[in-house]
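**Student:** Take a look and give me a structure for this.
(2 chains)
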Amino acid sequence: MMKNNNSEKKIILHLEDSSEDAELIENILRRGELIFDIYLVSELSEFKELLKTIKPDVILSDFDLPGFDGFEALKIAIESDGDVPFIFVTGAVGEEMAVTALKSGATDFILKNNLGRLVPAVERALDESRIALERKKLYYTLKNSEERYRTLMENLPVGVYRSTFLSPGRIIQANLSAAHLHGFNSIEEFMGVDIEKLYSEPEEREKFLSELIKHKKIKNRLIRYRKISGDKFWGSVSATCHFDKSDNPDWIDGIVEDVTERVENERKLKSINEELDLLISSLSSIIIGVSVKDRITHWNPFAEKVFDIKAEDIIGKQFAESGIKWNWESVYEAIGNSVINEKSVRIDELRFEKSDGSSGILGFNINPLKRGGDILEGFMILGRDITEKKIIETQLLQTNKLEAIGQLAAGVAHEINSPLQYVGDNLKFLNKSFTGLASLLEIFAKVSQNIDDAELCNKTMRQADELSRKIKLPFLLEQLPMALEQSLDGVDRVSKIVQSMKAFSHPGTGSKMPTNINRSIENTVTISRNEWKYDCELELNLDPELPLVPCFESELNQVILNLIVNAADAVHEAKLKDENLSGLIKIYTTLDNGYAVIKVEDNGSGIPERIKKRVFDPFFTTKDVGKGTGQGLPISHSIIVEKHGGMLPLEEN
Amino acid sequence: MGYSILFVDDDANLLQGISRLLTLERVDITFDIADSGEAALELLEKNRYDVVVSDQKMTGMSGLTLLSMARSKYPDMKRVMLSAQVREEVFQEAESLAHKYISKPCDFEMILSEIDKLFK
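**Tutor:** Numbering: from 1, shown residues only, chains lettered A, B, ... in the order given. I've put the predicted structure just below:
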């Protein structure tokens, strides 16, 4: 509803010094349909004061007033409210005056002798005023809203533009963001450029336009743009084509956004993904992904190769029914552990059957997969084919053993050579002695045959006496038992060494056998005697109650030998510094809480603190070149810990 | 011809074996035995020997040490090494230090014939 409708009550301000005229004019107005209050003033000050308190809808004014004229009043009225209709109602004035008044902003000019025009003039003025006011309001509303949209458009972080459809294209309108996107400082500069030049490849625009004609709208099209500097960027454009009445494309409205960062990130992500894919497929490890529902989700090329099952044939199937030939019980036990404890679980040696029927060994890892860190999605199985590694490990073990045997051989040769020397010497002595003794016995035989012939006996006995002296009989009788005993002793020594060597170098059965650890130690001590005997005594404190222990005996011997050789080397090293040191190696066996304990102790140089952590590292050695390969302790560690499930700790006195 | 020998070895059985044969077979040779390098040095102080025959690897002083001390102290005395050592570097050192290097085990006659050769 319009506020200034004429049916509403109006306020009329009347400037008039003649009360009769005033009354007359009011009466004429009342006769019309107008409803109004009328304020009559006759003085300037009064007029000014009143304008402060009321807002008249129309002002009627006489021209000649006491102390001021109608022009002054008009000026004041316009200053107070430019829109209020101002009608002169006056006595006769010159035509020139009337024209000036109207030019000065008066709405109408009515002569008092023609008051019949008054009501229509007032009504018309009111109407016009209302319409003007409404137009003004509308204008402000529009202006406001346009302002708002312009601000919105200006402040949008995306470029907004309207462009022609021509070639070369022109920007008709755009926001600053659009100009900035292309490196322009102002919209004006932006509007001066050929649109084709904004494209990295100018012919791209033609393609874009023809698609736009076809589809009328394009959303989020990725376009390679260029800046005025020549730099390129990726823009995402959404545009609408507008057509004229004859259906020809007229202009384009579009928004464009710089998505370079996003595009580059996507590319990076894509390339990372590709690399990851490449990595996974080139990995010489088995990767199998399994969902919580036991469905296979991943199956990498190496898994394809090892199990000879194609990914497309197995993905989506039940893991348990994949047909892999391995110990499912331990696999599922590990999976269960991994899922329950939410951590990675390892199976060190999992035997499996390869596609060609041969068997291999896998190093196996099961990792629970949690997306977003919380929800269990399944698990990832990582399996390395460690068959080769295991073969090499076995070979290494064998190498270390051969090396040990080689090293021992020289010592053993030395150990055997001395007894052989004196056994040989003694046999030679026995042989020579026997020749003399046999001759003597022959003489005695002659005596016993001719016991009755006293003369012959006498002569023969003299011969015997002579021969006895010649063959040094007392010396022989004294030495023979010792020569025999020492020879037997020597043979015994040789035989013991050979037996120990045989026991030591026995390749083993490949499985654990009940082993007499004490005997293993004694054998190893025997064959290694030459390694330690020049530097130290070796004391055995073996517990006779030690039961047979399931062992890989050959490997156990190897460990004992490594420990003895190390102990002897340590003592040797210590003796180089201290000549008076009397070296001692002690070997103990005991039974402790169901464990067989073997302790090898020496009073040698000890292990410096800084290398304690490294003694079990492969190839780590403090010995001179040619003396040790640094494999003894790591291999011993692997034999005791991995093969026997035992411990090989260092202990300090 | 007769000469005197000092046999050094830390294996008593070996010394005795040689002693028996020498006593039985070679009256022309006088000899002593020592079961260590240290004992040998003491005997060398007291007596004069034409030849010293020593083992290499012994508890205590090694044969090489003994022979090298003997070379500087008794340069006229012949030095023979009788050893089971097979290590190359020891062998080489012994070759330069001893007049003769004999490998154990070795026939008794061969040992004596090698020693005899030293005096021809």
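**Student:** pLDDT-wise, which helix or strand of chain B ranks last?
**Tutor:** helix B:88-97 (a mean of 80; mean pLDDT, DSSP states H and E).
**Student:** Which parts of it count as buried, going by neighbours?
**Tutor:** B:90, B:93-94, B:97 (16 or more other CB atoms under 10 Å in any protein chain shown). Yep, even glycine has a C-beta here, placed from its N, CA and C like the rest.
**Student:** Who are the contact partners of the residue most central in space within chain B?
**Tutor:** Note on chain B: the residue nearest the mean C-alpha position is residue B:53, at 0.5 Å, using CA atoms, centre = their mean. Counting by CB atoms under 8 Å, 6 or more residues apart in numbering or on different chains, residue B:53 makes contact with B:5-8, B:80-82, B:111, B:115.
**Student:** what do you get if the cut-off is 10 Å, keeping everything else the same?
**Tutor:** B:5-9, B:18, B:31, B:33, B:63, B:78-82, B:98, B:100, B:102, B:111, B:114-115 (CB atoms under 10 Å, 6 or more residues apart in numbering or on different chains).
**Student:** of the buried residues of helix B:88-97, closest to chain A?
**Tutor:** Comparing the buried residues of helix B:88-97 against chain A with CB to the nearest CB places residue B:90 closest, at 10.3 Å.
**Student:** rewinding a little: distance to chain A added to the buried residues of helix B:88-97, as a markdown table?
**Tutor:** What follows is the buried residues of helix B:88-97, written out as a markdown table (distance: CB to the nearest CB, whole Å):
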| residue | distance to chain A |
| --- | --- |
| B:90 | 10 |
| B:93 | 16 |
| B:94 | 14 |
| B:97 | 19 |
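**Student:** Now the two most distant members of those.
**Tutor:** B:90 and B:97 (10.2 Å; CB to CB).
**Student:** So, low pLDDT: which residues of chain B?
**Tutor:** B:1, B:85-87 (pLDDT under 70).
**Student:** Mind listing the shared neighbours of residue B:90 and residue B:97?
**Tutor:** B:63-64, B:81.
**Student:** how does chain A divide up, domain by domain?
**Tutor:** Per automatic domain parsing, the structural domains of chain A span A:9-138, A:156-264, A:283-385, A:393-494, A:506-643.
**Student:** what about stretch A:459-478 and chain B, any contact?
**Tutor:** Yes: applying CB under 10 Å from any CB of the partner chain, one finds stretch A:459-478 touching chain B at A:471-472, A:475-476, A:478.
**Student:** So for that stretch, first residue to last residue, what's the gap.
**Tutor:** 27 Å (CA to CA, to the nearest Å).
**Student:** residues in contact with that stretch?
**Tutor:** A:429-430, A:432-447, A:449-450, A:453, A:479, A:483, B:20, B:23-24, B:27.
**Student:** Name the residues of it that come out as buried.
**Tutor:** Buried residues in stretch A:459-478 (16+ other CB under 10 Å): A:460, A:464, A:467-468, A:471-473, A:476.
**Student:** got it, and stretch A:248-258?
**Tutor:** Those would be A:249, A:251-252, A:254-258, for stretch A:248-258 by 16+ other CB under 10 Å.
**Student:** and residue A:289, what element?
**Tutor:** Assigned by DSSP states H and E, residue A:289 belongs to strand A:285-291.
**Student:** I'd like the distance between residue A:189 and residue A:164.
**Tutor:** Counting by CB to CB, to the nearest Å, the separation of residue A:189 from residue A:164 is 17 Å.
**Student:** if we can go back for a sec, among the shared contacts of residue B:90 and residue B:97, name the ones in strands.
**Tutor:** residue B:81 (DSSP state E).
**Student:** Can you add neighbour count and give the shared contacts of residue B:90 and residue B:97 back as JSON lines?
**Tutor:** Listed next are those as JSON lines, based on neighbours: other CB atoms under 10 Å in any protein chain shown:
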{"residue": "B:63", "neighbour count": "28"}
{"residue": "B:64", "neighbour count": "20"}
{"residue": "B:81", "neighbour count": "28"}
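**Student:** and the shared contacts of residue B:90 and residue B:97 near chain A, which?
**Tutor:** Within the shared contacts of residue B:90 and residue B:97, nothing lies near chain A by CB under 10 Å from any CB.
**Student:** quick one on the thing from earlier: the residue nearest to the centre of chain B bridge partners, please.
**Tutor:** Judged by DSSP bridges, the bridge partners of residue B:53 are residue B:7, residue B:80.
**Student:** How about residue A:222?
**Tutor:** Under the criterion used (DSSP bridges), residue A:222 bridges to residue A:236.
**Student:** which residues touch it?
**Tutor:** Residue A:222 neighbours (CB under 10 Å, 6+ apart): A:234-237, A:259, A:262-263.
**Student:** Please read off the pLDDT at it from the model.
**Tutor:** Predicted confidence (pLDDT) at residue A:222: the value is 91.
**Student:** State the distance from it to chain B.
**Tutor:** For residue A:222, the distance to chain B equals 78 Å [CB to the nearest CB, to the nearest Å].
**Student:** just how off-centre is the longest helix seen in chain B within its chain?
**Tutor:** In chain B, assigned by DSSP state H, the helix with the most residues is helix B:12-25. Counting by CA atoms, centre = their mean, to the nearest Å, helix B:12-25 is centred 13 Å from the centre of its parent chain.
**Student:** do the same with stretch A:191-201
**Tutor:** That offset, for stretch A:191-201, works out to 43 Å (CA atoms, centre = their mean).
**Student:** what do you get for stretch A:120-134?
**Tutor:** 78 Å.
**Student:** With stretch A:257-270 instead?
**Tutor:** With CA atoms, centre = their mean, you get 21 Å for stretch A:257-270.
**Student:** repeat for stretch B:7-22
**Tutor:** Relative to its chain's centre, stretch B:7-22 lies at 11 Å (CA atoms, centre = their mean).
**Student:** do stretch B:106-116 as well
**Tutor:** The answer for stretch B:106-116 is 12 Å, by CA atoms, centre = their mean.
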